[in-house]
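Participant: Here is my input, please return the structure:
(one chain, ligands or ions: 1)
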Amino acid sequence: MLLNLPESFPTAVHILEKLEGGCLPEGPWVLVGDEAIRPLWERAGMPVPLGSRWVNLNETTKRLDTLIPWLEAWAALPLHRDVCIVAVGGGVLTDMVGLAAALFLRGVTWQAWPTTLLSQVDAGLGGKTAVNLTAGKNLAGAFHPPERMVVCSAFLDTLPVRQLQSGRWELIKMAFLEGDTAWAERLMAAPKPDSSDLARALEIKAELVHHDLREAGDRKLLNLGHTLGHALEAASGFRLLHGEAVGLGLLAACFLAEEAGLPPFPPELLQRLANHLRHLAPEIAPWEACLPWLARDKKIDTGANGTAPAVHCVLPQPGNRATLRFLPPEAWSTAHAKLLNSFS
Ligand SMILES: NC(=O)c1ccc[n+]([C@@H]2O[C@H](COP(=O)([O-])OP(=O)(O)OC[C@H]3O[C@@H](n4cnc5c(N)ncnc54)[C@H](O)[C@@H]3O)[C@@H](O)[C@H]2O)c1
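Facilitator: Residues are numbered from 1 along each chain as shown. Predicted structure coming up:
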């Protein structure tokens, strides 16, 4: 299935029911794939061109130095401007391969074949590529959208359950972003999303990033759940996975929205959300440990004009798309307390 995205959208998105090679580049290409995917890829008889590599990456190796040998090897082959780099892996890998493609010969095309639910719903689409620096995550990167993104649910069969559950929160976030409570209920009840859920989430993301590649306006709505989520993730010493922290941040954002005077979500829905998150409660850091991370958020407006610092807060509301407010980091304190209370 080829998604129906805005005409000028830079990435064609395909959803495959089973793994097959019809979407691979027609011209010269090489693959950078996650070792974890290799058996599945080879069993399906998918091609592996000369110069391809299987890699084992994580947040610690998501660094510029890891990319240099890839670039050196591509230049030595040599690969030319007409090459397409095919990235098959989770968000760490697609972020890194996208950046390597942006750097090689000042930019060659690439395809994203995301293999975790989180990267299928989020990281693979939108053009943000990056590596980490000592000072923080994703601090060196480029906007370089893939020419094609290929989403195949077969990859999810080998994904560890915790990774699958974590990725579901980015999908559930989309239902709250749209204020679609029936969709949120359905996603929470289903063990694995179906292709129509993925298609809908990707169409929403494409609509939001399309006119806003550099996150000046509507794209910020995708940060629903991320403001407190990032703080909880960092303050847990990264024991919380990204999606898990987003789930907790999402529930807190519902509380904050209500406090800010938006219509409340049905209490039964919030209770069900809390029930799905309850096992993560022991990892929720106390408010005092979260505040410094909130105050350091990259989405902060530092108050250069003498105004108090404020963070971008995306507030969900039932029946309507979420809305954006700038609030001081301290505004999250009550929502954080309500989050803890909802598990007691
Ligand atoms: N570019 C963006 O817009 C964007 C958006 C969100 C997140 N991100 C980035 O994405 C990264 C997180 O991505 P992630 O959650 O996909 O984690 P990940 O890439 O670290 O993958 C998680 C683990 O699953 C393994 N794996 C991947 N696919 C598998 C499969 N099908 N079967 C078995 N194992 C598999 C990986 O080897 C890894 O150990 C972060 O670095 C984050 O910064 C980027």
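
Participant: looking only at pLDDT, what's the mean for the helix or strand residue 244 falls within?
Facilitator: If you go by DSSP states H and E, residue 244 is part of helix 242-259. Averaged over helix 242-259, pLDDT sits at 97.

Participant: continuing past it, what's the next helix or strand?
Facilitator: helix 267-277.

Participant: list the buried ones in stretch 72-87?
Facilitator: 74, 79, 83, 84, 85, 86, 87 (16 or more other CB atoms under 10 Å). C-beta here means a position set from N, CA and C on the backbone, and glycine is covered the same way.

Participant: could I get those as a markdown table with pLDDT and secondary structure?
Facilitator: Below are the buried residues of stretch 72-87 laid out as a markdown table (pLDDT from 0 to 100; DSSP: H, G, I helix; E, B strand; the rest coil):
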| residue | pLDDT | secondary structure |
| --- | --- | --- |
| 74 | 98 | helix |
| 79 | 97 | coil |
| 83 | 98 | coil |
| 84 | 98 | strand |
| 85 | 98 | strand |
| 86 | 98 | strand |
| 87 | 98 | strand |
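
Participant: tell me which element the residue lying closest to residue 100 once chain neighbours are set aside is part of?
Facilitator: Using CB to CB, 6 or more residues apart in numbering and skipping the chain neighbours, the partner closest in space to residue 100 is residue 67 (4.8 Å). In the assignment (DSSP H and E), residue 67 maps to helix 64-76.

Participant: outside of that helix, which residues touch it?
Facilitator: The contact list for helix 64-76 (CB atoms under 8 Å, 6 or more residues apart in numbering) reads 30, 32, 51, 53, 57, 83, 96, 99-100, 103-104, 131, 140.

Participant: if I pick residue 161, what's in contact with it?
Facilitator: With CB under 8 Å, 6+ apart, residue 161 has no contacts at all.

Participant: From residue 241, how far off is it?
Facilitator: 12 Å (CB to CB, to the nearest Å).

Participant: Output the set of residues of the stretch 101-250 of the chain in proximity to the ligand.
Facilitator: 115-116, 118-119, 122-123, 126, 128, 137-138, 155, 158-159, 163, 242 (CB under 6 Å from any ligand atom).

Participant: Show the residue spans covered by the strands in the stretch 1-150 of the chain.
Facilitator: 12-16, 29-34, 53-55, 84-89, 109-114, 128-133, 136-143, 148-152 (DSSP state E, counting those that start in this stretch).

Participant: Any chance of those in JSON lines with distance to residue 264 as columns?
Facilitator: Rendered in JSON lines, the data for those read as follows (distance: least, CB to CB, whole Å):
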{"stretch": "strand 12-16", "distance to residue 264": "34"}
{"stretch": "strand 29-34", "distance to residue 264": "42"}
{"stretch": "strand 53-55", "distance to residue 264": "46"}
{"stretch": "strand 84-89", "distance to residue 264": "40"}
{"stretch": "strand 109-114", "distance to residue 264": "35"}
{"stretch": "strand 128-133", "distance to residue 264": "33"}
{"stretch": "strand 136-143", "distance to residue 264": "33"}
{"stretch": "strand 148-152", "distance to residue 264": "34"}
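
Participant: can I see the domain layout of the chain?
Facilitator: Domain ranges of the chain: 12-158, 165-341, per automatic domain parsing.

Participant: between these, which gets the lowest average pLDDT?
Facilitator: domain 165-341 (a mean of 91).

Participant: Run the chain-centre distance for it.
Facilitator: Between the centre of domain 165-341 and the centre of its chain there are 13 Å (CA atoms, centre = their mean, to the nearest Å).

Participant: just stretch 327-343 next, same as before
Facilitator: Distance, centroid of stretch 327-343 to centroid of chain: 23 Å (CA atoms, centre = their mean).

Participant: Can you get me the start-to-end distance on that stretch?
Facilitator: 25 Å (CA to CA, to the nearest Å).

Participant: Pull the residues that contact that stretch.
Facilitator: 227-228, 231, 248, 251-253, 255-256, 259-260, 270-271, 274, 277-278, 281, 284, 287, 290-291, 294-295, 297, 300, 308-311, 313.

Participant: Show me the helices in the stretch 101-250 of the chain, by range?
Facilitator: 117-118, 161-177, 181-189, 195-210, 226-235, 242-259 (DSSP state H, counting those that start in this stretch).

Participant: No further questions, thank you.
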